[in-house]
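Q: below are the sequence and a predicted model; questions follow.
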Amino acid sequence: MSEINQHISSGRQAWQRFKNNRPAIVSAWFLSFLLFAVIAWPVILKASGSSFAQAHNPDQLSDAQFAPPDALHWFGTDLHGRDLFSRVLFGAQISLLVGVVGAAVSLVIGVLWGAVAGYVGGRVDAALMRIVDVLYSLPSIIFVIVLITTLGGLIKQSHLVQNSPALAGGLRVTLLFVGLGAVSWLTMARIVRGQVLSLRTRAFVEASRSLGGGPVRILARHIIPNILGIVITYLALTMPAIILYESFLSYLGLGVQPPMASWGTLIAEGVSQINPIRIYWWLITFPGGVLVATLLALNFLGDGLRDAWDVKGR
C-alpha cells in the first residue's frame, strides 16, 4: 500500500511541476487543438452543406487559382484552386502519423534493445551494440532515401500496384514508416544502455536480485522507471525529428506523392510557384508556419515532461 501511495504522490508532484511550466502548458494546448482540428475537420466537412464541403474539399479543383486568404478560403488556394486550409489539416494526418509511429518504434525497440544489452552485458551486449554501431555509421537520411527508392522501385514493377493507385500510395507511406522507423531507435538504445549499466549495480537492484527478482521484474519495476526522464527527453526529441525527416523527404518527392498531401509536399508546391513576377506567400507561410509551430510545441512539451519526471530532481 505504501508503494502505491508513494507512486501516486510522485505522480502528483510531477503533474504539479508540469503545470508550473508555462511553455509546456501552452504547447500542450496547441497540440491538443491541432489534433482536435485534424480529427474534427473531416467530420465537419461531411456534416456540412454541399457548397461548404465542396469549397473546402482538399482534392476539389476550382477556378479560384491562387486566391489569397479571405472569408471563404482562410489559408487561400493553390495552383489548382484547392482550399489550402483543408490541405494543411489533411496533410497533418500523414505528418503526425509518421511522427507517432516513429516515436513508438523508438520507444519499444530502443528501450528494449538498450535495456537488454545493458543488463545482460557480456557477449550479448557486444553483439547488440555492434549492430547499433553498424547502423549508426550509415548516414541516416541517405539510408532512408536508398531504402525508399530501392523498395519503391520494386513495388512499382508489381502489376498489382500498377492497377491500384490507392494501394501504391498506401505502400509508399508504409515504406516511409519502415525507413524512418529503422533509424529512429538507435540513439534511444544507446542512451538506455548507458543508463542501465550505471543502475544495474546499485543497492536497490542488488536487493531485489537477492530477494529472488528475475531480470524482467528488475528491469520493469526498478531500472526502467528510474530512466523514465531520459526516455521521455529523447522520445520528445525523436518525434519532431522524424516529422522533419518526413517533410524533407516529401519535399524532395521521395515521400508522400500527389494527390496525397503532407506538410513537406505542400511546402514544395509553394516553393515551385515562386517566380520573379509574384510570390504567392500563403502557399509557403501557412504550411511552413504550422510545421514550425508543431516542432517547437513538441520540443517545449518534451522539455516540460523531462523536468516533471526528472528522477534526479525528486
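A: Yep, it's here. Numbering: from 1, shown residues only.

Q: backbone phi and psi for residue 74, please?
A: Dihedral pair for residue 74: phi -70, psi -30, per degrees, to the nearest 10.

Q: skipping adjacent residues, who's closest to it in space?
A: residue 85 (4.7 Å; Cβ to Cβ, 6 or more residues apart in numbering). Bear in mind the C-beta positions are built from the backbone N, C-alpha and C, glycine included.

Q: please point out which parts of stretch 63-73 sit buried.
A: By neighbour count on 16 or more other Cβ atoms under 10 Å, the buried set for stretch 63-73 is 64, 67, 69, 73.

Q: could you measure from the last one over to residue 247?
A: Translated: residue 73. From residue 73 across to residue 247, the span is 23 Å (Cβ to Cβ, to the nearest Å).

Q: now swap in the first one and tell me
A: Taking Cβ to Cβ as the measure, residue 64 falls 26 Å from residue 247.

Q: chain center to the helix or strand harbouring residue 123, what's the gap?
A: Using DSSP states H and E, residue 123 maps to helix 122-137. The chain centre lies 25 Å from the centre of helix 122-137; the measure is Cα atoms, centre = their mean, to the nearest Å.

Q: repeat that for stretch 20-32.
A: 18 Å.

Q: on that earlier part again, just list what the helix or strand following the helix holding residue 123 packs against, helices and strands only.
A: Proceeding N to C from helix 122-137, the next assigned helix or strand is helix 140-156, under DSSP H and E. Using 3 or more Cβ pairs under 8 Å, 6 or more residues apart in numbering; DSSP states H and E, the elements in contact with helix 140-156 are helix 165-184, helix 228-251.

Q: just the angle between helix 140-156 and helix 228-251, please?
A: Our comparison of helix 140-156 with helix 228-251, counting by axes from the mean of the first three to the mean of the last three Cα atoms, to 10 degrees, yields an angle of 50 degrees.

Q: C-alpha coordinates for helix 140-156, PDB please?
A: The C-alpha coordinates for helix 140-156 follow below in PDB (Å, rounded to 0.1, in the frame of the first residue of the first chain):
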ATOM      1  CA  SER A 140      20.500   8.200 -41.600                       C
ATOM      2  CA  ILE A 141      18.800  10.300 -44.200                       C
ATOM      3  CA  ILE A 142      20.900   8.700 -47.000                       C
ATOM      4  CA  PHE A 143      20.000   5.200 -45.700                       C
ATOM      5  CA  VAL A 144      16.300   6.100 -45.700                       C
ATOM      6  CA  ILE A 145      16.500   7.500 -49.200                       C
ATOM      7  CA  VAL A 146      18.200   4.400 -50.500                       C
ATOM      8  CA  LEU A 147      15.700   2.100 -48.800                       C
ATOM      9  CA  ILE A 148      12.700   4.000 -50.100                       C
ATOM     10  CA  THR A 149      14.000   4.300 -53.600                       C
ATOM     11  CA  THR A 150      15.100   0.700 -53.800                       C
ATOM     12  CA  LEU A 151      11.900  -0.900 -52.400                       C
ATOM     13  CA  GLY A 152       9.800   1.700 -54.100                       C
ATOM     14  CA  GLY A 153      11.300   0.700 -57.500                       C
ATOM     15  CA  LEU A 154      10.500  -2.900 -56.800                       C
ATOM     16  CA  ILE A 155       6.900  -2.100 -55.800                       C
ATOM     17  CA  LYS A 156       6.400   0.000 -58.900                       C
END
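
Q: which residues of the chain score low on pLDDT?
A: Residues of the chain that meet the criterion pLDDT under 70 lie in 1-11, 152-170, 258, 309-314.

Q: longest helix of it?
A: The residue-count maximum for a helix in the chain (DSSP state H) belongs to helix 282-309.

Q: buried ones in that helix, by neighbour count?
A: Neighbour-count burial for helix 282-309 [16+ other Cβ under 10 Å]: 282-288, 290-291, 294-295, 297-309.

Q: same check, this time on stretch 16-30
A: 17-18, 21, 24, 27-28, 30.

Q: any idea which of those residues is closest to residue 229?
A: residue 17 (11.4 Å; Cβ to Cβ).
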